[in-house]
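# Just to be clear, the model below is a prediction. Sequence and coordinates:
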Amino acid sequence: MQRRNFLKILGTGAIIAINPSLINGVLRADDGNLFIAYNKVKLLDAQGNALKASSLKKEVTYVFLYPHVSTPCLLIDLEKPTHKNIALKSETSEEYLWRGGVGKNSSIVAYSGICSHQLTHPTPDDSFIKYVPVAEKSIACQERGVIVCSSHLSAFDAAKGCKNIAGEARQPLASVVLEYDEINDELYAVAVLGSDKFQDYFKSFKDELDQYYGGKRKGKKLAEESAKVVELTQFSKEVISY
């Protein structure tokens, strides 16, 4: 099983590897890295069975709700291995390191589906944010294989930790840390890396939380044991892409 361990640098210079699935809370290293560990959640397919990583369609946008039961995340098998050890920076200049994709081909990635610009995100009615495959074009940028928010044409490099590369977004999309069980070919979400927009989302979309998730209080509950993964076209009635 692949595990993404968080390295905490102590004042003595010692380095401790911490398994994120064992800890809840905010961990800050001396260099300002931000890593929030949540419940270890098993990803399920649309039928409620354990999702097999090898069953993911290549370059198709999937959605699951994590770490809260109302916060949508994007799951994509990019088909080709991602870059590794990408240095990223939040809009407040907080630096962190994205290790790379998981799976047999190191090509599976997961990111928060809440845009870091103005919080555009998938809803059951529509989605203005999605992954644009390498073979397709977007007017947001010339790069291929990117996640594009069509609300204001911000673009993020999916193979480089969702680094912001075009548009008004001033920081990457937050990354969802995945564990890959290579024996059973299964995936688990265990943490969020980078600067997330969850609290801004809860403040800004009270009516939406009432409509879809039974209110803010219920929507803020953490996913506990499992999260169902469905294609974006099944999660949202309409997907808008430019």
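Received, thanks. Residues are numbered from 1 along each chain as shown.
# wait, C115 sits on S127?
No. Between C115 and S127 there is no contact under CB atoms under 8 Å: 10.7 Å. In this view, the C-beta of every residue, glycine as well, is placed from N, C-alpha and C.
# anything in contact with each of those two?
Residues touching both C115 and S127 (CB atoms under 8 Å, 6 or more residues apart in numbering) are H121.
# now the helices for the protein?
Here the chain has its helices, by DSSP state H, at 198-204, 206-213, 216-219, 232-235.
# Of all those, which one comes closest to P72?
For P72, the closest of the helices of the chain is helix 232-235, at 7.5 Å, according to CB to CB.
# Could you name the helices and strands sitting against that closest one?
Contacts defined by 3 or more CB pairs under 8 Å, 6 or more residues apart in numbering; DSSP states H and E place helix 232-235 against strand 62-65.
# Could you list the low-pLDDT ranges of this structure?
Applying pLDDT under 70 to the chain flags residues 1-33.
# can you rerun that using 50?
Counting by pLDDT under 50, the chain has low-confidence residues at 1-32.
# most centrally placed residue in it?
Y111 (1.5 Å; CA atoms, centre = their mean).
# Who does that one form a beta bridge with?
Y111 has these beta-bridge partners by DSSP bridges: L74, S175.
# Any buried residues in stretch 198-209, and which?
198, 201-202, 205, 208-209 (16 or more other CB atoms under 10 Å).
# Can you name the residues in contact with it?
Contact partners of stretch 198-209, identified using CB under 8 Å, 6+ apart, comprise 67-68, 70-71, 112, 114, 119, 121, 123, 215-216, 218-220.
# Widest-spaced pair of those residues?
Checking the contacts of stretch 198-209 with CB to CB, the most distant pair is S112 and G215, at 21.2 Å.
# could I get the contacts of stretch 198-209 as JSON lines with distance to V176 and neighbour count?
JSON lines is the format used below for the contacts of stretch 198-209 (distance: CB to CB, whole Å; neighbours: other CB atoms under 10 Å):
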{"residue": "P67", "distance to V176": "8", "neighbour count": "24"}
{"residue": "H68", "distance to V176": "12", "neighbour count": "18"}
{"residue": "S70", "distance to V176": "15", "neighbour count": "22"}
{"residue": "T71", "distance to V176": "10", "neighbour count": "26"}
{"residue": "S112", "distance to V176": "7", "neighbour count": "27"}
{"residue": "I114", "distance to V176": "11", "neighbour count": "26"}
{"residue": "L119", "distance to V176": "17", "neighbour count": "16"}
{"residue": "H121", "distance to V176": "14", "neighbour count": "24"}
{"residue": "T123", "distance to V176": "19", "neighbour count": "18"}
{"residue": "G215", "distance to V176": "24", "neighbour count": "13"}
{"residue": "K216", "distance to V176": "22", "neighbour count": "15"}
{"residue": "K218", "distance to V176": "21", "neighbour count": "13"}
{"residue": "G219", "distance to V176": "18", "neighbour count": "21"}
{"residue": "K220", "distance to V176": "17", "neighbour count": "17"}
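# And these, which is closest to G167?
Nearest to G167 out of the contacts of stretch 198-209 is L119 (CB to CB; 14.0 Å).
# is it true that the closest one touches D196?
No. When contacts are counted by CB under 8 Å, L119 is not listed as touching D196 (11.0 Å).
# Can you list the helices and strands that the longest strand along the chain packs against?
For the chain, the strand with the greatest residue count under DSSP state E is strand 34-44. Secondary-structure packing of strand 34-44 (3+ CB pairs under 8 Å, 6+ apart): strand 25-28, strand 186-193, strand 226-228.
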